[in-house]
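*Asks:* Provide a 3D model corresponding to the input given below.
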Amino acid sequence: MNKLYNKISVRISRVARQLVPFNQKYKPIGVCRAGSLTNGQKEVNSGEVIVHTVYPAVVTTLNISDDLYHACSDYWKPAKRVETSYVVAEVPHGRIHTDNENSVAIISRFNNLVGEVSLSLNEGKVIDPALNPVFGQRYFKSPVKIQGTVFSLLSGGAGINNISHWFIDVLPRLHLLQKSGLYEKIDWFLVPSLRYSYQTETLAMLGIPSEKLLAGDQHPHITADCIIASTAPRGSHTLLPTWLCDYIKSAFLPLADTGEAGVAAPARIYISRSDSNMRNVLNEEELVKELEQYGFEHVISSKLSIREKLNLFSRAEAVVSATGAGLVSILFCQPGTKVIEIFNEGFVIEPFYDIATKTGLDYDYIICPSKKKIRDAAKGQRENLYVDIAQLKKKLGKILQPAERT
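*Replies:* Model (predicted):
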């Protein structure tokens, strides 16, 4: 009942924001664009925004086979090559407004949206800052005043409740902040949410004290002495830059408990989605029985703490899973770890094979036939899977030598 109530409240609030005029002085009047920078910092419009360049013109590529690229869902076909300039912006006496869904608006004291560090989404895809949903909003609550300097880790989209987006779209902003040289200025860290244990646990592991945290779902509109924000870690696209993968590994792997040498063999892990109401493996009992013959451990990822996942995946030699948020833990795997990702043919998307190829994992995949044509991600992500066990055995035979089987 609480979930239903929350959904209804969100929908009512969304409609009200579009229809009921209130406090429209808080609607931004335009977009402030700092432009393309190559080095140093740039001050825009007499201190309205100070932009620090972190990584100029980073080229990110998608390194997969033609067969896998052809299999990618047409509605979510990734680019093969993108370029992004990463910046961190200081916005004195600025504001942050978010709908915790499609809009993160960093707004200057002159009431301009700061294009480089705001985020505008439509059906999960980044759109031009001038189309940010905040410009179509009519109802605004007054901002809460925060004393000091606030750094925004808001991500829009699923960063509020999805562990994969947390690791990919939220936490890497801390690396950009560190590289900008502004980390010591921060009094408050504004994160999408603090409702889930993985959110508080990861932040604690990264040395951010709980008393310096603000939750975006509790503070959707704030103003502060200074707002600091960064380019989205994946820019305006979906590919993962190499620096992002390197940061997560360097931040967390030193915290792993590697165990005593020779005490236990590296784990073989099957990540079950039995705790989810979508993308379930319909013949999972048969699948698990087959994997057990190869020594795989059956894991429900959501029941593990971050530290438990870190310890498990950092020692893994093989991972099998249907595509889903739990696969983000392959960021903890060592180079050479064998990964088999299982897709429904109506939902073949790139985050995890993108991670695998950029972190040196030995990646393979299985695509399960779909009984119907899938035309969008909303439907695709709900489709269950029926795994061809014979195909799985063939894949396992390629990556695990007969002498290694248990």
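*Asks:* do you have the strands of the stretch 201-350 of the chain handy? List them.
*Replies:* Secondary structure of the stretch 201-350 of the chain, counting by DSSP state E, counting those that start in this stretch: strands at 213-215, 221-230, 268-271, 296-299, 318-322, 338-344.
*Asks:* what helices or strands is the last one leaning on?
*Replies:* Right, the one you point to is strand 338-344. Counting contacts by 3 or more Cβ pairs under 8 Å, 6 or more residues apart in numbering; DSSP states H and E, strand 338-344 is packed against strand 318-322, helix 351-358, strand 362-368, helix 389-399. Backbone N, C-alpha and C define where each C-beta goes, glycine included.
*Asks:* so which of those comes closest to residue 183?
*Replies:* Closest to residue 183 of the helices and strands packed on strand 338-344 is helix 351-358 (Cβ to Cβ; 25.2 Å).
*Asks:* how about the nearest residue to residue 28 once chain neighbours are set aside: which residues does it bridge to?
*Replies:* In this structure, residue 28 finds its nearest non-sequential neighbour in residue 113, 4.3 Å apart by Cβ to Cβ, 6 or more residues apart in numbering. On the basis of DSSP bridges, residue 113 is bridged to residue 31, residue 107.
*Asks:* how close does residue 113 get to residue 104?
*Replies:* 10 Å (Cβ to Cβ, to the nearest Å).
*Asks:* assumed residue 96 was part of a strand.
*Replies:* Yes. Under DSSP: H, G, I helix; E, B strand; the rest coil, residue 96 falls within a strand.
*Asks:* that one touches residue 222, doesn't it?
*Replies:* Yes. Between residue 96 and residue 222 a contact is recorded at 5.4 Å, counting by Cβ atoms under 8 Å.
*Asks:* give me the common contacts of those two.
*Replies:* 150, 190 (Cβ atoms under 8 Å, 6 or more residues apart in numbering).
*Asks:* between these two, which one's more packed in?
*Replies:* A direct count of neighbours by other Cβ atoms under 10 Å for residue 96 and residue 222 places residue 96 higher, at 26 against 21.
*Asks:* how many other residues sit next to the nearest residue to residue 334 once chain neighbours are set aside?
*Replies:* Nearest residue to residue 334, sequence neighbours excluded (Cβ to Cβ, 6+ apart): residue 314, at 6.6 Å. By other Cβ under 10 Å, 23 other residues sit near residue 314.
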